[in-house]
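>>> structure for the following, please:
(chains A and B)
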Amino acid sequence: MELTRRTRLEVIVEAPLVRRVEAVLAEAGVKGWSVFDGASGSGRHGEWRSEGLHPADRKSLVIALTSRERAEAVLERLRALFTDYPGVAALSEVEVMRAERF
Amino acid sequence: MPQAFDLAAANLLTPAVLFFVLGLAAGFARSDLSVPDQAAKTLSLYLMLAIGFKGGVEASRAGPSDAFLSAAGAGLILSFGLPVIAFFILKAVTRLDRTTAAATAAHYGSVSVVTFAAGTEYLRLIGVPFGGYMAAVVALMETPAILSALLLAGAGRADRRQGATRELLREVLLNGSVLLLVGAFFIGLVTGERGMSKLEVFVGPLFQGALALFLLDMGLVAARRLLQSRKLTPALIAFGMIMPLISCALSLTLALALGVRPADAAVLAILASSASYIAVPAAMRLALPQADPGVYLTLSLGVTFPFNLVVGIPLYAWAAGRVFGS
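Below is the predicted model of the structure:
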């Protein structure tokens, strides 16, 4: 089976910021992504739980599979965003099927 | 003031308020009781729909009126102006940084729809005939406070640096809860009695139950926030209880000056004293991310909301009665 190397980009941000992250991904030419909602967690600002009413307590995880160059371009843009807003971003190397889709 | 105590007791002994207290107690006791996420959101939708719709139907019954204009005018002035006052008080009395002070102040200019729901139920209980259009005044008072806060925060605004004003505007003007409230109001206004006969069971008898469940969740959330929060100094807690009193006094004075009907003035006082925790936190998270939600959310939800629910509402109604001499 033919597997190709791609980069997996994971971005965790508070719900109100997801649209901004999606815009960054689109601008960088990332072909697709998925958004998942976080249930709870803990960090620098204490614990949080997605109680449903408060946007700061709702975190989303955006996952995209794309080329290394695009992923790094996204990170570069996210750096500017993260000077003002809280967030986490990470890259990892994965192998995918049907590489032409990513 | 024995009559006032009776009224306070009447407010306290409604299921809605008691379920809030239950939620608080369960939260503090660290019970695992919780209202599921989606259920809480659904209840919130339901409340917006019911409150807006009923308000619209009542407004359609009453017909066009000037009373709405004076109430709306007063509401707008309060929403723009109260954050300014709150901001300066916070800067004077606490050690909050400018951005958090501005964000917190925004909450106190804006309104809590749930406080409006509980407050109007109480007013109905004691027979105060406020206008149905007050639901529209709620919607009007939601947003101007946000604009005031942004002006007060000045250079600290993240959205200016990021060029994201359009997104903020979208969030503020198209906020789901407010949109539903306003939309439901217009639908009620347009469909009137015919519309009411269709939705009667949904927005009538079910309302109290939904409110009780929603307040149960609010109690849980408030307690958990308070438990977690290390940011509330005595000065801030005092602010959370005194600012509503100041807002009440200012709103009654303004209502008197603008010729607002006494019954509507009582509602206005309740609205002015309430602090938002749905629309405003979302806007603040985008515009003023450096502001600390540990302060503004906890104050609004953990101090002011319970204070208003248990003590404030009957107090403001009584004060309105005194000021307007009824």
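>>> what sits against the nearest residue to B:P15 once chain neighbours are set aside?
Spatial nearest neighbour of B:P15, chain neighbours left out: B:A212 (5.1 Å); criterion: Cβ to Cβ, 6 or more residues apart in numbering or on different chains. C-beta here means a position set from N, CA and C on the backbone, and glycine is covered the same way. Residues near B:A212 by Cβ atoms under 8 Å, 6 or more residues apart in numbering or on different chains: B:15-16, B:19.
>>> how near is the most centrally placed residue in chain B to B:A86?
Geometric centre of chain B, nearest residue: B:S112, 1.5 Å, by Cα atoms, centre = their mean. According to Cβ to Cβ, to the nearest Å, B:S112 and B:A86 sit 15 Å apart.
>>> again with A:R58
From A:R58 to B:A86 the distance is 26 Å (Cβ to Cβ).
>>> can you tell me, leaving aside adjacent residues, what's nearest to residue 82?
Just going to use chain A. Closest to A:F82 by Cβ to Cβ, 6+ apart is A:A89, at 7.5 Å.
>>> you looked at the wrong chain, it should be chain B
In space, B:L82 is closest to B:G109, 4.0 Å off (Cβ to Cβ, 6+ apart).
>>> surely the one you found touches B:T143?
No - between B:G109 and B:T143 there is no contact under Cβ atoms under 8 Å: 9.7 Å.
>>> quickly list what's touching both of these two.
B:S79.
>>> packing partners of whichever strand or helix holds B:L245?
Secondary structure assigned from DSSP states H and E places B:L245 in helix B:234-258. Applying 3 or more Cβ pairs under 8 Å, 6 or more residues apart in numbering or on different chains; DSSP states H and E, we find helix B:234-258 packed against helix B:66-93, helix B:98-109, helix B:262-273, helix B:305-307, helix B:313-323.
>>> which parts of chain A are helices?
Counting by DSSP state H, chain A has helices at residues A:18-27, A:68-81.
>>> quick check: mean pLDDT across the last one?
Along helix A:68-81, the predicted local confidence has a mean pLDDT of 93.
>>> with the shortest one instead?
Computed over helix A:18-27, the mean pLDDT rounds to 93.
>>> angle of it against helix A:68-81?
140 degrees (axes from the mean of the first three to the mean of the last three Cα atoms, to 10 degrees).
>>> how about helix A:18-27 and chain B, touching?
Yes - residues of helix A:18-27 are located near chain B by Cβ under 8 Å from any Cβ of the partner chain, namely A:19-20.
>>> which other residues reach that helix?
Contacts for helix A:18-27 (Cβ under 8 Å, 6+ apart): A:11, A:13, A:33, A:35, A:60, A:62, A:64, A:74, A:77-78, A:81, A:87, B:162, B:164, B:167.
>>> cool, the last one as well?
Contact partners of helix A:68-81, identified using Cβ under 8 Å, 6+ apart, comprise A:6-7, A:9, A:11, A:17, A:20-21, A:24-25, A:27-30, A:64, A:66, A:87, A:89, A:91, B:162.
>>> rerun that using 6 Å as the cut-off
A:7, A:9, A:24, A:28-30, A:89, A:91 (Cβ atoms under 6 Å, 6 or more residues apart in numbering or on different chains).
>>> related to what we said a few turns ago, out of the contacts of helix A:18-27, which are buried?
Buried subset of the contacts of helix A:18-27 (neighbour count, 16 or more other Cβ atoms under 10 Å in any protein chain shown): A:11, A:13, A:33, A:60, A:62, A:64, A:74, A:77-78, A:81, A:87, B:162, B:164, B:167.
>>> TSV for those residues, including distance to B:R224?
Converted to TSV, these look like this (distance: Cβ to Cβ, whole Å):
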residue	distance to B:R224
A:V11	27
A:V13	23
A:W33	32
A:S60	21
A:V62	27
A:A64	33
A:V74	35
A:R77	35
A:L78	31
A:L81	29
A:G87	24
B:Q162	31
B:A164	31
B:E167	30
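>>> ok, these vs B:L78, which is closest?
Among the buried ones among the contacts of helix A:18-27, B:E167 lies closest to B:L78 (Cβ to Cβ), at 27.1 Å.
>>> any idea how far whichever strand or helix holds that closest one is from the middle of the chain?
Taking DSSP H and E as the criterion, B:E167 maps to helix B:165-173. The chain centroid and the centroid of helix B:165-173 are separated by 21 Å, computed with Cα atoms, centre = their mean, to the nearest Å.
>>> ok, then the element right after that helix?
helix B:176-203.
>>> the next helix-or-strand element following that following helix vs helix B:234-258, what angle?
Under the assignment DSSP H and E, the closest C-terminal helix or strand after helix B:176-203 is helix B:205-228. Going by the same axes, to 10 degrees, helix B:205-228 is angled at 140 degrees with respect to helix B:234-258.
>>> could you give the mean pLDDT of helix B:205-228?
pLDDT averaged over helix B:205-228 gives 91.
>>> hmm, back to that, ok, of the contacts of helix A:18-27, which one's closest to B:L254?
B:E167 (33.2 Å).
>>> pLDDT score for residue 85?
Reading this off chain A. 89.
>>> my question was about chain B, not that one.
Taking B:I85 on its own, its pLDDT is 96.
>>> measure it to B:F239 for me?
Counting by Cβ to Cβ, the gap from B:I85 to B:F239 is 11 Å.
>>> same drill for the two, tell me which one is more crowded.
B:F239 (24 against 17; other Cβ atoms under 10 Å in any protein chain shown).
>>> quick check: the more buried one vs chain A, distance?
Noted for B:F239: a distance of 20 Å to chain A, by Cβ to the nearest Cβ, to the nearest Å.
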